[in-house]
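Q: what shape does this take:
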Amino acid sequence: MSNSPDSSIFKPINIAVMTISDTRTEETDSAGRLLVDRIQAAGHDLAEKTIVKDSIYQIRAVVSQWIADPNIQAVVTTGGTGMTARDNTPEAMKPLFDKEVEGFGEIFRYLSYQIIKTSTIQSRAIAGIANATVIFCLPGSPGACKDGWDGIIAAQLDNRNQPCNMIGVMPLMKRDQ
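A: Next up is the predicted model:
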């Protein structure tokens, strides 16, 4: 991607945040709150924030509404990416993706390895694109959300990040329906 004339001007986008948990409430959702704080500190707009039970169909129902909304350009989820029977985020999201961003999970686990060593193999963090909406799925801990946002997502949702970023390819992601 080339440096376009307006690439030095930050372009905020609308980002929705979903906490996937059977136990979290707004009062106890520290990972979701961390993401909201970082999104706003980066200059982006919070489109919506919700907590959804770890149910494949409840997750898909909300995310399907968000990816159909032209006013939401990105979604960040926290929770449901582990190995237990109730961790269903990858199973909920993958059928919605037009394209999976394989490098996200790889880089997330690399960054995580620096901190939690081999425990990172239990993370199923994923990302993808659905209807030109970028979706990042992070684990449910505030530390993992901090690492994912600070180490990967913030730069990829910043149009000034060169040589490329997800903002720069969003118009190219639209599928012919």
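
Q: quick one: contacts for I135?
A: I135 is in contact with V63, I67, A74, V75, V76, T77, M93, L96, F97, A127, G128, I129, counting by C-beta atoms under 8 Å, 6 or more residues apart in numbering. Any C-beta I mention is one placed from the backbone N, CA and C, and that applies to glycine too.

Q: and it, helix, strand or coil?
A: Following DSSP: H, G, I helix; E, B strand; the rest coil, we place I135 in the strand state.

Q: and it, how close does it get to E26?
A: 22 Å (C-beta to C-beta, to the nearest Å).

Q: the helices in this protein, which residues?
A: Secondary structure of the chain (DSSP state H): helices at 30-41, 56-68, 89-93, 102-116, 142-148, 154-156, 166-173.

Q: quick one on the thing from earlier: next step: the contacts of I135 restricted to strands.
A: Secondary structure from DSSP state E places A74, V75, V76, T77, A127, G128, I129 of the contacts of I135 in strands.

Q: give me the neighbour count for the closest residue in space to the fifth one that isn't next to it in sequence.
A: Using C-beta to C-beta, 6 or more residues apart in numbering and skipping residues adjacent in sequence, the residue nearest A127 is F104, 3.5 Å away. Applying other C-beta atoms under 10 Å, we find 23 other residues in the vicinity of F104.

Q: ok, F104 touching I129?
A: No: here F104 does not reach I129: they are 10.7 Å apart, not a contact under C-beta atoms under 8 Å.

Q: what bridges to the spatially most central residue of the chain?
A: The centroid of the chain falls nearest to F136 when counting by C-alpha atoms, centre = their mean (2.1 Å). Counting by DSSP bridges, F136 is bridged to V76, A127.

Q: got a list of what it touches?
A: Contacts of F136 by C-beta under 8 Å, 6+ apart are A74, V75, V76, T77, F104, A127, G148, I152, I153.

Q: most neighbours among those, please name it.
A: Counting by other C-beta under 10 Å, top hit in those: T77 with 31 neighbours.

Q: do you know how far D158 is from S119?
A: On the measure of C-beta to C-beta, D158 and S119 end up 29 Å apart.

Q: that older thread, pick out the shakiest of the helices of the chain, pLDDT-wise.
A: Note on the helices of the chain: helix 166-173 shows the lowest mean pLDDT, a mean of 80.
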